[in-house]
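**Student:** just a sequence and a predicted model for now, questions to come.
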Amino acid sequence: MIIPEGKKVYFSSDNHLGAPTKEASKPREAIFVKWLDEIKEDAAAIFLLGDLFDFWFEYKHAVPKGFVRVLGKLAELKDSGIPIYFFIGNHDLWMENYFEEELNIPTYRKAQEFEFNGKNFLIGHGDGLGPGDYGYKRMKKVFTNPFAKWLYRWLHPDIGIPLAQYFSVKNKLISGDEDAEFLGEDNEWLIQYCRRKLETKHYDYFLFGHRHLPMEIKLKEDSKYINTGDWITHYTYAEFDGNDLQLKKLKDK
């Protein structure tokens, strides 16, 4: 993709809309929708790096109630011709084809390579990458198993959706009650993952979410890892102007 002069590519992640309650998350949803409305003037593309929702499960004829404003804004931007890409996170991993069919927004379950103005990007949510975190990796295999999803669909939505939402917000980090802490470069799994990828192929930029912690880490002189943070505590995002990728924070946050 060639980014025209004056245009930018935007990246954000980890809104966790619906947590800790839908009522409490509505102000955050409004802030995000306002930001989307502001960037539409110069957006060449928008990348949503997962966990837009704190919980999402698609039944055959039903999806979780709510989030009308953010879904409507995404539909408006996509219909106006702005490419939007969605990466499924660990909280919305039960997303199927709703975004693709209703919003015409492609969705990805694994990290993907993109090229902008000759710069190589590796982009994804970031969950389960790198060494360690074996408990989560085992759990993800169970949750993404087609038979497990088929079984869960036998729960009526009035039971299945609130039950999953309850267990989702029990995690204090996800509900915004605690900040993530930087573990040091040697203990951050995503940093280790990026360095291992560089052993076999060059990337100018690695972009991930999941950690709820805005980070800019120089991996090599010509390679950088950026974590987009979240829209719970930090209200941060990344911006590529065609030449450089930078981490940004909402001015009023």
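**Tutor:** On my side now, so go ahead. Numbering: from 1, shown residues only.
**Student:** what distance do you get for the nearest residue to Asp204 once chain neighbours are set aside to Leu49?
**Tutor:** Leaving aside its sequence neighbours, Asp204 sits nearest to Lys119 (CB to CB, 6 or more residues apart in numbering; 4.3 Å). C-beta here means a position set from N, CA and C on the backbone, and glycine is covered the same way. Lys119 sits 17 Å away from Leu49 when distances are taken as CB to CB, to the nearest Å.
**Student:** repeat for Tyr225
**Tutor:** Tyr225 is 13 Å from Leu49, by CB to CB.
**Student:** settle it for me: which of the two has more neighbours?
**Tutor:** Ranked by neighbour count (other CB atoms under 10 Å), Tyr225 and Leu49 place Leu49 first, with 28 against 23.
**Student:** which SS class is the closest residue to Leu213 other than its chain neighbours?
**Tutor:** Leaving out its chain neighbours, the residue that sits closest to Leu213 by CB to CB, 6+ apart is Ala180, at 4.1 Å. Here Ala180 is coil, with the state taken from DSSP: H, G, I helix; E, B strand; the rest coil.
**Student:** so Ala180 makes contact with Met215?
**Tutor:** No: checked against CB atoms under 8 Å, the pair Ala180 and Met215 is beyond contact range at 9.7 Å.
**Student:** dump the C-alpha coordinates for stretch 60-70 into PDB.
**Tutor:** In PDB, the C-alpha atoms belonging to stretch 60-70 read as follows (Å, rounded to 0.1, in the frame of the first residue of the first chain):
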ATOM      1  CA  LYS A  60     -26.100 -18.400  14.300                       C
ATOM      2  CA  HIS A  61     -28.800 -15.800  14.500                       C
ATOM      3  CA  ALA A  62     -27.600 -13.500  17.400                       C
ATOM      4  CA  VAL A  63     -24.600 -11.400  18.500                       C
ATOM      5  CA  PRO A  64     -24.100  -9.500  21.800                       C
ATOM      6  CA  LYS A  65     -26.500  -6.600  22.300                       C
ATOM      7  CA  GLY A  66     -25.100  -3.100  22.300                       C
ATOM      8  CA  PHE A  67     -22.100  -1.300  20.800                       C
ATOM      9  CA  VAL A  68     -24.300   0.400  18.200                       C
ATOM     10  CA  ARG A  69     -22.400   3.600  18.000                       C
ATOM     11  CA  VAL A  70     -18.900   2.100  17.400                       C
END
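**Student:** helices and strands around the host helix or strand of Cys194, which ones?
**Tutor:** Assigned by DSSP states H and E, Cys194 belongs to helix 189-198. On a contact count with 3 or more CB pairs under 8 Å, 6 or more residues apart in numbering; DSSP states H and E, helix 189-198 meets strand 205-208, strand 214-220, strand 223-228.
**Student:** again, 7 Å this time
**Tutor:** strand 214-220, strand 223-228 (3 or more CB pairs under 7 Å, 6 or more residues apart in numbering; DSSP states H and E).
**Student:** need those strands in TSV (columns: distance to Tyr10 and mean pLDDT).
**Tutor:** TSV is the format used below for the helices and strands packed on helix 189-198 (distance: least, CB to CB, whole Å; pLDDT from 0 to 100):
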stretch	distance to Tyr10	mean pLDDT
strand 214-220	15	95
strand 223-228	10	97
